[in-house]
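A.B. asks: Okay, predicted coordinates and the sequence, questions at the end:
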Amino acid sequence: MKVARYLLAFACASALLLGWGCKKPTDSKNNTVTVAYVTNGVDPFWDLCAAGVRIAEKEFNIKCEVHMPTKGLVDQKRIMETLLAKGIDGIAISPIDAENQTAFINEAAKQTKLITHDADAPDSDRMLYIGTNNYKAGRALGELVKAALPEGGEVMIFVGRLEQLNARQRRQGVIDELLGRPEQELSTAKFDPVDAKNLKAEGSKYIILDTRTDNFDKAKAKSNAEDTITKYENVACMVGLFAYNPPACLDAIREANRTGKIKVCGFDEPDAMLQAIKDGTAQGTISQQPWKYGYESVKAMKRILDGDTAFIPENKFMEVPFLVVTKENVDEFWATKKEMAELGKQ
Amino acid sequence: MKKNILGILGLLIAIFVITAVLNPKFVSAYNMQNLVKWSSLYSIMGVGVAFVIITGGIDLSIGSVIGLTASLLAFTLGKNWDPVVAICAMLGLSALIGLIHGLLITKAKLQPFVVTLCGLLIYRGMARWTTDNQSMGFKGHDQLNEIFSGKIPITDTFALPMPFVFLVVIAVAAALFLNRTIWGRYLLALGNNEEGARYSGIQTDNLKIAAYVICSLLAGISGLLFAFELDSVQPAQTGEFYELYAIAAAVLGGCSLRGGEGGILGVIIAAAVIRLIYNSINMLGISTHLEYAILGIVILAGVVADELLKRYTAKRAAQ
């Protein structure tokens, strides 16, 4: 028993030493550079992003590791530290808590080429931010609601959490569009309070009843939708801002026998939502085309590593276009998504 | 024990009446149906963990077992397994998990906290790994959907949700086991004083193992019910932290964490109280950000009131 333990310790130590010895000449051994794509968690959304990473890897002859931290901030930091220790050439990160991670991101940016994707850390030294303009996407979602309810009506918003900037921006986009307010600049956008109820505006036919959060619990998301059906008999449209919200609304509506009477508009591209759009029970959804995140991130890192920084806009924000998916283009979009999901798994 | 139930029942009625007065739509058939459904879903795992808590143990892996059975069910059905085989396999798997917990705790003398905490990590990891962490659904399984999340019409507007039927069967069986069989008595005795129970000739190890098997099995059943209720499974999220709801329901319902005390009805009422609070918050339009705070305060107030009531009655009995 004791011998085995010593052997194990010896094996560990030699493996460590070996690893250490080999660490340095990563890029001299072969000339493909290695970058990393770090997500903010584990989610099928990120598998779709990974598909874009894989496409870009082939196209630009670059190697990219994809890392998905399972347990939040601490895990993300651990992954980043390991990558830096390995001497990675570039990192694209989706910071979990941008504001408080700024110092750490700056530290990392000193050691490698660092860009942010999906969520930005605006006060950090990142070279570039690649993401959706969530405010504009929210306004596009508002337009979907208008198309669903041309006569106006009561609208309820559902979201996982409002602590996240992208969620707040989406919500504000929807509210501003429905209440006919002028378009705001993303960086200076003003937000309605998180518990604002019965938002109305003169000249607007829409009332935004409330925003309910569920902390990413799907059961809670569904019961929030059910409780809305109970509390507000005249609710005419449910808007889900996170991927799982619209399907939860659709379920609740179907079980209350109100299919078609209560419209659904949403964000992201879960199969249940795409099916509902196809069937006509949901109006449409806004897709951020996640694969483009992965693709554009790797492409940008490759260009930066090649010494080309001229493409970086002055405000450091590279917008990935979102796509409005409705009955007209759902088939084509779904086919792409399936293809990407397969690719992302590899 | 009876008084414990009175306290929690009082809390249930108080919140019910207050919400109904403030928003009459609360008592609509549709809302009652939803409330019954969610209460039943969360009660089942509460009943399971009650058995473990009665033995003086704890099970932290419930949420992960729910996630694992839900994920594997969707996964195997997606691979065209026969539904009956798939469901039996899931029930078998969850019972096996309980058996492993029980053996590790009794035979290897490991602490329940550690064993089930590791279980929490292992099963979640397995669920994500086997399914590539993809969201999955149950398209084309209408019959299973009817069984697990269907409704039995009672009146024109009110239908009894299937999870309630499951709960009634499980609760009756559990209550009979605990109160009417010798093993149930033994279980309580073992929780009170394990050494003493063993010296009186009770096979404490086997009973403990049985408690863990029951707990994991009921978590597995909850997993199936949640999967069909939500029609979609996300291996990384389904069931996450649900053990806390289960343990809260068991403790609030009169199970002592020190073991040896507890009943089934109390656990069910307590699970219903937690769901009722969530429902009331939505009905009254209170900000969802306040939810946890309200839940904590109401439960704490309930426990304090219960404790005061107990002391008062004890004092009166002494006089």
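C.D. replies: Right, received. Where do you want to start? Residues are numbered from 1 along each chain as shown, chains lettered A, B, ... in the order given.

A.B. asks: Model confidence for residue 10, exactly?
C.D. replies: By default, I'm working from chain A. We have a pLDDT of 51 for residue A:10.

A.B. asks: oops, chain B please
C.D. replies: We have a pLDDT of 89 for residue B:10.

A.B. asks: is whatever helix or strand residue A:207 lives in anywhere near chain B?
C.D. replies: For residue A:207, the enclosing helix or strand under DSSP states H and E is strand A:206-213. Yes - Strand A:206-213 lies within reach of chain B by Cβ under 8 Å from any Cβ of the partner chain, at A:210, A:212, A:213. Every residue, glycine included, has its C-beta placed from N, CA and C.

A.B. asks: Could you find the closest non-adjacent residue to residue B:148?
C.D. replies: Counting by Cβ to Cβ, 6 or more residues apart in numbering or on different chains, residue B:228 is the residue found nearest to residue B:148 once chain neighbours are left out, at 3.7 Å.

A.B. asks: Neighbours of the one you found, how many?
C.D. replies: Residue B:228: 24 surrounding residues under other Cβ atoms under 10 Å in any protein chain shown.

A.B. asks: before we move on, back to that, return the members of the residues of strand A:206-213 next to chain B classed as buried.
C.D. replies: Judged by neighbour count, with 16 or more other Cβ atoms under 10 Å in any protein chain shown as the criterion, the buried members of these are A:210, A:212, A:213.

A.B. asks: Tell me how far the nearest residue to the first one once chain neighbours are set aside lies from residue A:231.
C.D. replies: It refers to residue A:210. Counting by Cβ to Cβ, 6+ apart, the nearest residue to residue A:210 once its immediate chain neighbours are dropped is residue A:197, at 5.0 Å. Going from residue A:197 to residue A:231 by Cβ to Cβ, to the nearest Å gives 11 Å.

A.B. asks: How about residue B:166?
C.D. replies: Using Cβ to Cβ, one obtains 28 Å as the distance from residue B:166 to residue A:231.

A.B. asks: hmm, back to that, closest one to residue B:250 out of the residues of strand A:206-213 next to chain B, please.
C.D. replies: Compare each of the residues of strand A:206-213 next to chain B with residue B:250 using Cβ to Cβ and the shortest gap goes to residue A:213, at 27.0 Å.

A.B. asks: Thought residue A:161 was touching that closest one, still the case?
C.D. replies: Yes - under the criterion of Cβ atoms under 8 Å, residue A:213 lies in contact with residue A:161, with a separation of 5.8 Å.

A.B. asks: need the contact list for residue B:143.
C.D. replies: Residue B:143 is in contact with residue B:83, counting by Cβ atoms under 8 Å, 6 or more residues apart in numbering or on different chains.

A.B. asks: Chain A against chain B: which residues are in contact?
C.D. replies: If contacts are counted using Cβ under 8 Å from any Cβ, the residues of chain A sitting beside chain B are A:41-44, A:47, A:70, A:162, A:194-195, A:197, A:210, A:212-214, A:216-220, A:222-224, A:226-231, A:233, A:244, A:247-248, A:251, A:256, A:270-272, A:341, A:345.

A.B. asks: re earlier: just put the buried ones among the residues of strand A:206-213 next to chain B in CSV and tack on pLDDT.
C.D. replies: Putting these into CSV (pLDDT from 0 to 100) gives the following:
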residue, pLDDT
A:210, 95
A:212, 94
A:213, 92
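
A.B. asks: Neighbours of residue 256, how many?
C.D. replies: No chain in the question, so chain A it is. Using other Cβ under 10 Å, residue A:256 is surrounded by 17 other residues.

A.B. asks: switch to chain B, that's the one I care about
C.D. replies: One way to gauge burial is a neighbour count; for residue B:256, by other Cβ under 10 Å, it gives 16.

A.B. asks: do residue A:306 as well
C.D. replies: A count of nearby residues for residue A:306, using other Cβ under 10 Å, gives 11.

A.B. asks: mind listing the strands in chain B by residue range?
C.D. replies: Using DSSP state E, the strands found in chain B span residues B:136-137, B:151-153, B:159-161, B:232-233.

A.B. asks: elements contacting the first one?
C.D. replies: Counting contacts by 3 or more Cβ pairs under 8 Å, 6 or more residues apart in numbering or on different chains; DSSP states H and E, the secondary-structure elements packed against strand B:136-137 are helix B:62-78, strand B:232-233.

A.B. asks: try the last one
C.D. replies: When contacts are defined as 3+ Cβ pairs under 8 Å, 6+ apart, strand B:232-233 sits against helix B:62-78, strand B:136-137.

A.B. asks: Pull the residues that contact it.
C.D. replies: Contacts of strand B:232-233 with the rest of the structure, by Cβ under 8 Å, 6+ apart, involve A:218, A:244, A:247, A:270, A:272, B:70-71, B:73-74, B:135-138, B:227.

A.B. asks: my guess is residue A:294 contacts residue A:47, does it?
C.D. replies: No - the pair formed by residue A:294 and residue A:47 falls short of the contact definition of Cβ under 8 Å, at 9.8 Å.

A.B. asks: Between these two, tell me which one has more neighbours.
C.D. replies: Neighbour totals were compared for residue A:294 and residue A:47, and residue A:294 leads with 31 against 25 (other Cβ under 10 Å).

A.B. asks: Helix or strand for the more buried one, just tell me which one.
C.D. replies: Under the criterion of DSSP H and E, residue A:294 resides in helix A:290-305.

A.B. asks: Let me know the average pLDDT across the helix or strand following that helix.
C.D. replies: Remark: after helix A:290-305, the chain's next helix or strand is strand A:317-319, criterion DSSP H and E. Mean pLDDT, taken over the full extent of strand A:317-319, equals 91.

A.B. asks: Helix, strand, or coil at the nearest residue to residue A:76 once chain neighbours are set aside?
C.D. replies: Beyond its immediate neighbours in the sequence, the residue positioned closest to residue A:76 (Cβ to Cβ, 6+ apart) is residue A:69, lying 4.2 Å away. Classification of residue A:69 by DSSP: H, G, I helix; E, B strand; the rest coil places it in coil.

A.B. asks: quick one: contacts for residue A:69?
C.D. replies: Neighbouring residues of residue A:69 by Cβ under 8 Å, 6+ apart: A:38, A:39, A:40, A:41, A:42, A:75, A:76, A:78, A:79, A:96.

A.B. asks: confidence score at it?
C.D. replies: For residue A:69, the predicted pLDDT is 86.

A.B. asks: again, but for the one 3 residues further on
C.D. replies: Here the pLDDT value assigned to residue A:72 is 75.

A.B. asks: count of residues packed around residue A:243?
C.D. replies: Other residues near residue A:243 number 21, with proximity taken as other Cβ under 10 Å.

A.B. asks: Isn't it up against residue A:48?
C.D. replies: No - Residue A:243 lies out of contact with residue A:48 (Cβ under 8 Å); the separation is 10.6 Å.

A.B. asks: Before I go, just wanted to say thanks for your time.
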